[in-house]
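Trainee: Return atomic coordinates for the entry below.
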Amino acid sequence: MMITPEYCLTMARYNAWQNKQLKAAFQALGDKELGKDRKAFFGSILATANHVLWGDRLWLSRFTGVPAPAGAIAESTGLTDSGAQWAVERFRTDGALIQWAERLRAVELSGPLSWHSVILGREISKPKALCVLHLFNHQTHHRGQIHAMLTAAGAEAPVSDLAFMPEEGPWL
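Mentor: Just a heads-up that it's a prediction; the model follows:
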């Protein structure tokens, strides 16, 4: 499996662009609507957004050695209490992901990545490149759920097509 640092930087910027748009949609919707149970996998828009934030921090910890977020998947949905708090934490994490991608070298995408899986209760080892692909795929998957929930709530969902991402920043 071959991915490049350029791919990672593009996807880190795409992630930040998407989250910047979600911040505006969240502000327009308000915290009551963000917290409403919409019968999605993680329940609400905010819970799903929190899970993605938690997952990004978890994978970033595995790639860089920074501390992992507290809790397990079950607690991931309560990472922040409001859209405004989510926006602050999301901005910080998106900045860290972009900085990681900007410094990434091709050799860092090769070889295995090993960690202890709480879900499986054992050590796991997978190709680093696969884990990086998973990080970006996980973001996109759950943002699709958020997009659907925003649309169902009558909010204006953001443009999500990678081909329409601005060529120049600011990404955050």
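Trainee: show me where the chain has strands.
Mentor: For the chain, the strands defined by DSSP state E occupy 112-117, 122-127.
Trainee: Of those, which is nearest Leu97?
Mentor: Leu97 sits nearest to strand 112-117 of all the strands of the chain, at 16.2 Å, using C-beta to C-beta. In this view, the C-beta of every residue, glycine as well, is placed from N, C-alpha and C.
Trainee: what's the angle from the closest one to strand 122-127?
Mentor: When axes from the mean of the first three to the mean of the last three C-alpha atoms, to 10 degrees is applied, the directions of strand 112-117 and strand 122-127 differ by 160 degrees.
Trainee: by contact count, what packs against strand 112-117?
Mentor: Applying 3 or more C-beta pairs under 8 Å, 6 or more residues apart in numbering; DSSP states H and E, we find strand 112-117 packed against helix 45-64, strand 122-127, helix 128-152.
Trainee: in the longest one, what's buried?
Mentor: Applying a neighbour-count criterion of 16 or more other C-beta atoms under 10 Å, one finds 128-129, 131-133, 135-136, 138-140, 142-143, 145-147, 149-150 buried in helix 128-152.
Trainee: how about the strands of the chain in CSV, adding distance to Gln27?
Mentor: Shown next, in CSV, are those (distance: least, C-beta to C-beta, whole Å):
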stretch, distance to Gln27
strand 112-117, 35
strand 122-127, 37
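Trainee: Save those strands as CSV, and put in mean neighbour count too.
Mentor: Below are those laid out as CSV (neighbours: other C-beta atoms under 10 Å):
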stretch, mean neighbour count
strand 112-117, 12
strand 122-127, 11
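Trainee: okay, the ones you listed in a markdown table with mean pLDDT and distance to Leu104 next?
Mentor: Shown next, in a markdown table, are those (pLDDT from 0 to 100; distance: least, C-beta to C-beta, whole Å):
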| stretch | mean pLDDT | distance to Leu104 |
| --- | --- | --- |
| strand 112-117 | 94 | 14 |
| strand 122-127 | 96 | 15 |
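Trainee: for the ones you listed, which one sits closest to Ala163?
Mentor: So among the strands of the chain, strand 122-127 is nearest, using C-beta to C-beta, at 27.6 Å.
Trainee: The closest one pairs with which strands?
Mentor: strand 112-117 (antiparallel) (DSSP bridges).
Trainee: can you give me the angle the strand it pairs with makes with helix 45-64?
Mentor: Using the same axes, to 10 degrees: strand 112-117 against helix 45-64 is 130 degrees.
Trainee: what angle do strand 112-117 and helix 128-152 make?
Mentor: Using the same axes, to 10 degrees: strand 112-117 against helix 128-152 is 60 degrees.
Trainee: Tell me how far the residue lying farthest from the centre of the chain lies from Gln85.
Mentor: Computed with C-alpha atoms, centre = their mean, the residue of the chain farthest from its C-alpha average is Arg122, at 24.4 Å. Distance of Arg122 to Gln85, computed by C-beta to C-beta, to the nearest Å: 34 Å.
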